[in-house]
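> Kindly return the folded structure for what I paste below:
(one chain, ligands or ions: 2)
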Amino acid sequence: MSDAYLKLDKLTLAYGDTVAVKDLDLTIAKGELVALLGPSGCGKTTTMRSIAGLLAPASGRITLDGDDITRVSANKRNVGLVFQSYALFPHLTVYENVAFGLRLKGIGGKDLDAKVSAGIQSVGLAKFADRKPAELSGGQQQRVALARSMVMQPKVLLLDEPLSNLDARLRLEMRAELQRVQKETGVTMIFVTHDQIEALALADRIVVMLNGGIEQIGTPEEIYNKPVSAFVADFVGFENVFALENGKLATSTTSVELSAPAPQAAKGLAWRPRMVILGSGPFQGTVRGTSFAGNTREYLLDTPLGAIKAEVDAELPTHAIGSTLPFDLPLAAAAPLSRYR
Ligand SMILES: Nc1ncnc2c1ncn2[C@@H]1O[C@H](COP(=O)(O)OP(=O)(O)OP(=O)(O)O)[C@@H](O)[C@H]1O
Ligand SMILES: [Mg+2]
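Ligands and ions are numbered 1, 2, ... in the order given. The predicted model follows:
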């Protein structure tokens, strides 16, 4: 990314002696929508708090729009933050909730009204301006929280799992809404989630974090199709992940020759269940379990390589539990991993 708008430079973040994020480098362009994705405790919220100015880095630097903001206080950074619990003021109307921060900045009169009305409009809540939060659905409250941050015209808007309180249908709606608002306003947005589907659907780029560091940065397509490590592969659904040693698939107990040479630089190979070919191939497996998943049927096989998960068209003839059948892990379909651990 050449045009750095927000830049995290060797950022190390700690709570007392506990280092939560170590030497993190990340560059984000203006107008980008970046998702931070990773398991619980990997440092997503900690990273967001440091960008917002709520946690001073142990070391490293944060620059925003050309300014070093590492030591700038939270209220002078022009960074918006929407948390999972969006904490609207219950006694204020939608209008007054959205107006709150602007009033604090000394904005009033026609200027205030224009900004608040536009903000409420942009999240589709014009009809609800006079309601109190308790008279709104979860998704509507979420949109108020979004409007409240957006009207401040932050340089960066940080959203920390803002959709996790919503049911599945509302989540989908809000996801689309977020994407629309972001594209319309061009605000630079960092979005935290541990839902990979959400990250894939929303983001321009995804940052996969693990143990306080970055595992991989890439477009949704890159992360989904070209995971670089065993962790990312498994995280995005390559459920059959193997280390490569001397060109052979290695498991804890054995190593297995491939039907063709593996890519030179690869340290591991990974296959999605639907990439596994059942019914033909050089390997043998015994069906340990099977489950029907609508269009497809999933099989769990006991094999010399360990457990293998395969997914095939549900209309194909079924294989009984206990039966032994050939299968293949086609090399052409495999994702080559540059790191295995
Ligand atoms: N106030 C705190 N004091 C001490 N340690 C903390 C504090 N907050 C977080 N941590 C630790 O820092 C690490 C990163 O936490 P963080 O909240 O950033 O994780 P996260 O990626 O946001 O996880 P989640 O998906 O569960 O929200 C964890 O190991 C956590 O236990
Ligand atoms: Mg968190």
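
> which residue of this structure sits farthest from its center?
In the chain, residue 109 marks the outermost C-alpha relative to the chain mean, sitting 40.2 Å out by CA atoms, centre = their mean.

> where's it relative to ligand 1, distance?
40 Å (CB to the nearest ligand atom, to the nearest Å). (Each C-beta comes from the backbone N, C-alpha and C, glycine too.)

> quick one: contacts for that residue?
Taking CB atoms under 8 Å, 6 or more residues apart in numbering, we find residue 109 in contact with no residue.

> What residues of the helix or strand where residue 119 lies count as buried?
Residue 119 is located in helix 109-122, with elements delineated by DSSP states H and E. For helix 109-122, the neighbour count (16 or more other CB atoms under 10 Å) marks 112, 115-117, 119-120, 122 as buried.

> right, and the helix or strand after it?
Using DSSP H and E, the first helix or strand after helix 109-122 is helix 138-150.

> What sits closest to residue 32 if chain neighbours are left out?
Distance criterion CB to CB, 6 or more residues apart in numbering; nearest residue to residue 32, sequence neighbours excluded, is residue 204 at 5.1 Å.

> Enumerate the residues of the chain near ligand 1.
Within the chain, the positions lying close to ligand 1 (CB under 6 Å from any ligand atom) are 15, 18, 20, 38, 40-46, 194.

> follow-up on the earlier one: for the buried residues of helix 109-122, which one is nearest residue 250?
When the buried residues of helix 109-122 are compared for distance to residue 250 (CB to CB), residue 122 wins out at 53.8 Å.

> How about that closest one, nearest residue that isn't a chain neighbour?
residue 181 (6.0 Å).

> and that neighbour, what helix or strand is that in?
Assigned by DSSP H and E, residue 181 belongs to helix 168-185.

> what helices or strands is the helix or strand following that helix leaning on?
Proceeding N to C from helix 168-185, the next assigned helix or strand is strand 188-193, under DSSP H and E. The contact analysis (3 or more CB pairs under 8 Å, 6 or more residues apart in numbering; DSSP states H and E) places strand 188-193 against strand 33-37, helix 44-52, strand 156-160, helix 168-185, helix 196-202.

> got TSV for those, with mean pLDDT too?
Compiled in TSV, the helices and strands packed on strand 188-193 are given as follows (pLDDT from 0 to 100):
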stretch	mean pLDDT
strand 33-37	95
helix 44-52	95
strand 156-160	93
helix 168-185	82
helix 196-202	89
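
> Any chance of JSON lines for these, columns mean neighbour count?
Listed next are these as JSON lines, based on neighbours: other CB atoms under 10 Å:
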{"stretch": "strand 33-37", "mean neighbour count": "25"}
{"stretch": "helix 44-52", "mean neighbour count": "22"}
{"stretch": "strand 156-160", "mean neighbour count": "24"}
{"stretch": "helix 168-185", "mean neighbour count": "16"}
{"stretch": "helix 196-202", "mean neighbour count": "19"}
